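Colleague: Dropping a prediction and its sequence here:
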Amino acid sequence: MKPFGKVVLGGCLGTLLAFILVNLIFFGILGSALSSIGKESQPSVPKNAILKIDLSQPLAEQGGEKFNFNPLAGSASMATSVSLLSAVRALEVAATDPQIRFVYLKADGLTMDIAQAEELRAALKQFRESGKPVIAYSQTLSAGNYYLASVADKVILNAYGDVMISGMSSELMYYKDLIDHLGIDIQLIRHGKYKSAGEPYIKSEMSAENKEQYETMLGTIWSTIADAVAESRDFTAEQFNEWIDNLSVTNAEAAKEKGLVDELWYDDQVREYFQTLCDVKKVKDLKYVGLKDYAAAKVKPNVRAKEKIAVIYADGQIVMDDKGNGNIGNNFAREIAKARQDSSVKAVVFRVNSPGGSVQASAAIEHEIALLKACKPVVASYGGYAASGGYWISCGADKIFSDKTTLTGSIGVFGLIPSFGKALKKNVHLNVYEVSTHKHGSLASGMSPLDPEEEAFMQKHIDATYEDFVSRVAAGRSLTTEAVDAIAQGRVWAGGDAIKIGLVDELGGLTDALRYAATLAGLDNYQTVEYPAVVPVYDQLLASMNETGTEQDIRSTSMPDAAARTASWLLGLDGPEVVARMPEIRISLK
């Protein structure tokens with residue numbers, strides 16, 4: 001047997017070598033991912049170029065570089081996205097740019113939400129008014145990419161391409177049976193019969209009210225899509241819907257026969273057509289410029305203008321602690337204060353893309369918006385979501401612009417109170433005993449359910465918060481509280497319906513809101529600035545190396561509490577906090 005000291009020394013040396021090796025691998029991966037930062041040359045636009053828009057490339061509310069690092073998988077990558085505003089402005093510039101011959105829309109894959117697609121489609125339609133064509137080519141047509149492709153002057157489908165247009169759907173998962181099986185007690189306290197964010201935890205099937213709001217909401221969004229497609233093509237929305245219901249468009253030939261597409265070509269035939277449009281003899285003479293590069297080369301800030309319009313991006317769920325995690329909260333509220341304190345900022349466009357969240361954080365953000373509005377015009381622009389807390393923070397704007405497909409409203413409040421005491425006993429044989437100094441000392445502890453007095457207390461709190469929410473909306477929208485209550489109750493509305501009931505003022509996108517803000521401020525010459533600033537890659541790296549708060553909480557608490565937090569984390573339960581948040585709605589365009 002080897003001496004004990006040698007064994008210990010060998011183990012230590014092995015551990016040290018492993019540590020060094022892991023660090024070498026880590027920094028090698030990191031160096032590879034970061035080495036290109038700042039080294040890319042300024043993109044150039046060739047003469048006689050084709051502006052290529054690839055729908056599979058990411059389009060974001062606020063563009064920039066995003067660093068992704070997974071130490072367990074040993075992978076690191078850098079993704080660059082174009083902002084929606086840059087994309088729309090790039091098309092505006094390209095319309096009069098003599099270097100651009102036409103737009104090539106590579107319509108395969110769709111990495112943007114429906115509201116962003118609506119705004120990009122409007123920009124493509126406006127580009128066509130310049131007399132330059134938009135040519136769309138796709139290997140496979142789905143409802144999502146066809147919605148964009150249909151705006152083109154010519155829609156080309158691969159000669160053996162697939163057509164998978166079957167409509168729109170949204171699937172909801174209900175957890176009650178699983179929760180009952182685990183022995184977890186869930187109490188939902190809410191105000192609003194349509195407030196369905198907590199419904200999957202207390203029901204096994206969809207309520208009649210929730211089904212009603214989903215059918216209306218999806219119907220409005222689909223009508224927007226079908227009407228736009230029919231306007232661009234030589235058939236009616238009724239015909240389009242009939243073909244989808246009857247599964248009549250089964251292949252490429254059927255798509256051309258019914259007028260969904262103009263040509264059935266292979267890749268080489270498309271390139272030959274491009275040669276004709278560009279008046280070149282060889283394929284190698286075709287010059288392409290991607291949307292990202294074109295925007296970088298041509299969309300420049302108007303730095304000579306001293307006066308500014310700030311675009312403030314409220315993008316993400318509303319939480320109290322929003323430091324470096326892609327959400328909005330108290331730190332975001334301070335960004336609003338910066339725009340207010342900048343004397344060169346003459347107006348603000350408040351771009352909201354949020355499903356809501358914490359009531360307390362929503363109130364903090366709304367407070368800053370009210371201070372801002374007192375000294376500068378504030379115009380709200382709604383993206384994919386501006387619902388519940390997202391509507392709370394923006395309903396006081398001077399004017400609200402919304403896309404037809406935006407999900408908004410959801411004026412309601414709820415609290416979800418889970419208790420894990422029975423589940424711990426049933427599943428892991430842990431017994432939890434609570435000792436309190438007062439009758440309700442263990443209120444919302446997560447171990448025992450609320451008693452009737454506690455439930456009444458929480459309901460009173462929820463009702464008061466709802467009434468305050470309704471009052472704020474009434475004041476912001478110049479409506480009576482009775483009128484707001486009639487359209488509230490937690491109901492989610494599509495933008496196309498929201499304008500009919502007074503929740504929004506105008507249908508339009510971000511650039512429409514910017515133009516209106518400039519009019520309010522009396523500006524003809526201005527530059528746009530963005531808040532908050534895009535997070536530098538180095539800061540993203542530091543954030544990715546930190547543990548998440550959930551993991552820290554689980555490891556730093558007692559065993560029963562850690563088990564409860566783990567179960568809460570896995571089920572997506574946030575505990576007893578009162579929230580104004582819409583349900584998670586996932587819409588599939590097929």
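Modeller: Perfect, thanks for sending it. Numbers count the residues shown, from 1 in each chain.

Colleague: Please count neighbours and contacts with C-alpha atoms only from this point.
Modeller: Fine.

Colleague: M447 contacts G421, correct?
Modeller: Yes - M447 is in contact with G421 according to CA atoms under 8 Å; the separation is 4.3 Å.

Colleague: Flag the shaky bits of the chain, pLDDT-wise.
Modeller: 1-41, 64-79, 324-325, 535-578, 583-584, 586, 588-590 (pLDDT under 70).

Colleague: Could you chop it up by domain?
Modeller: The record's domain parsing of the chain by automatic domain parsing lists 49-165+249-298, 308-589.

Colleague: Identify the residues contacting stretch 453-460?
Modeller: Contact partners of stretch 453-460, identified using CA atoms under 8 Å, 6 or more residues apart in numbering, comprise 189-190, 440, 443.

Colleague: Mark which of the residues you listed are part of strands, please.
Modeller: Using DSSP state E to define strands, the subset of the contacts of stretch 453-460 located there is 189-190.

Colleague: Closest to C375 out of the contacts of stretch 453-460?
Modeller: R190 (36.0 Å; CA to CA).

Colleague: Mind giving me the packing neighbours of the helix or strand hosting E335?
Modeller: Element membership for E335 (DSSP states H and E) is helix 330-341. Contacts defined by 3 or more CA pairs under 8 Å, 6 or more residues apart in numbering; DSSP states H and E place helix 330-341 against strand 308-315, helix 359-373, strand 527-531.

Colleague: repeat that for 10 Å
Modeller: Using 3 or more CA pairs under 10 Å, 6 or more residues apart in numbering; DSSP states H and E, the elements in contact with helix 330-341 are strand 308-315, strand 345-354, helix 359-373, strand 527-531.

Colleague: most packed of the ones you listed?
Modeller: Ranked by mean neighbour count, the helices and strands packed on helix 330-341 are led by strand 345-354 with a mean of 26 (mean count of other CA atoms under 10 Å).

Colleague: coming back round to it: out of the domains of the chain, flag the one nearest K203.
Modeller: Comparing those against K203 with CA to CA, the closest turns out to be domain 308-589 (13.2 Å).

Colleague: For L105, give the beta-bridge partners.
Modeller: I53, A136 (DSSP bridges).

Colleague: wait, it sits on Q139?
Modeller: No - contact criterion CA atoms under 10 Å: L105 and Q139 do not qualify, at 12.0 Å.

Colleague: Would you map the helices across the stretch 401-550 of the chain?
Modeller: 421-428, 452-477, 481-487, 495-498, 510-521, 537-545, 549-556 (DSSP state H, counting those that start in this stretch).

Colleague: To clarify, my last question referred to the stretch 151-300 of the chain.
Modeller: Remark: helices assigned in the stretch 151-300 of the chain by DSSP H, counting those that start in this stretch are 176-182, 208-232, 237-245, 252-257, 267-278, 291-298.

Colleague: could these go into CSV alongside distance to L120 and mean neighbour count?
Modeller: Converted to CSV, the helices of the stretch 151-300 of the chain look like this (distance: least, CA to CA, whole Å; neighbours: other CA atoms under 10 Å):
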stretch, distance to L120, mean neighbour count
helix 176-182, 40, 15
helix 208-232, 13, 17
helix 237-245, 21, 15
helix 252-257, 24, 18
helix 267-278, 23, 15
helix 291-298, 12, 19
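
Colleague: Please tabulate those in CSV, including the columns distance to I114.
Modeller: Below are the helices of the stretch 151-300 of the chain laid out as CSV (distance: least, CA to CA, whole Å):
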stretch, distance to I114
helix 176-182, 30
helix 208-232, 9
helix 237-245, 18
helix 252-257, 23
helix 267-278, 28
helix 291-298, 19
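
Colleague: which one of those lies closest to A397?
Modeller: Closest among the helices of the stretch 151-300 of the chain, once you apply CA to CA, is helix 208-232, at 24.1 Å.

Colleague: quick one, that closest one and helix 237-245 angle?
Modeller: Calculated by axes from the mean of the first three to the mean of the last three CA atoms, to 10 degrees, helix 208-232 forms an angle of 120 degrees with helix 237-245.

Colleague: Could you name the helices and strands sitting against helix 208-232?
Modeller: The contact analysis (3+ CA pairs under 10 Å, 6+ apart) places helix 208-232 against helix 114-128, helix 143-149, strand 168-170, helix 237-245, strand 407-409, strand 492-494, helix 495-498.

Colleague: Give me the distance from it to the chain's centre.
Modeller: Taking the mean of its C-alpha atoms, helix 208-232 sits 19 Å from the chain's own mean (CA atoms, centre = their mean, to the nearest Å).

Colleague: what does stretch 190-206 give?
Modeller: The mean C-alpha position of stretch 190-206 is separated from the chain mean by 23 Å, CA atoms, centre = their mean.

Colleague: List the contacts of S436.
Modeller: S436 sits next to 442-443 when contact means CA atoms under 10 Å, 6 or more residues apart in numbering.

Colleague: From Y266, how far off is S170?
Modeller: Separation of S170 from Y266 (CA to CA, to the nearest Å): 34 Å.

Colleague: brain fart, Y313
Modeller: Separation of Y313 from Y266 (CA to CA): 42 Å.

Colleague: Please apply the same query to K193.
Modeller: Counting by CA to CA, the separation of K193 from Y266 is 53 Å.

Colleague: Contacts only, for the closest residue to G412 other than its chain neighbours.
Modeller: Excluding the flanking residues, the one nearest G412 by CA to CA, 6 or more residues apart in numbering is G490, at 4.0 Å. Residues in contact with G490 (CA under 10 Å, 6+ apart) are 190-197, 210, 213, 387-388, 409-414, 466, 580-583.

Colleague: let's go with 8 Å and repeat that
Modeller: For G490, the contact set (CA under 8 Å, 6+ apart) comprises 191-196, 388, 409-413, 582.
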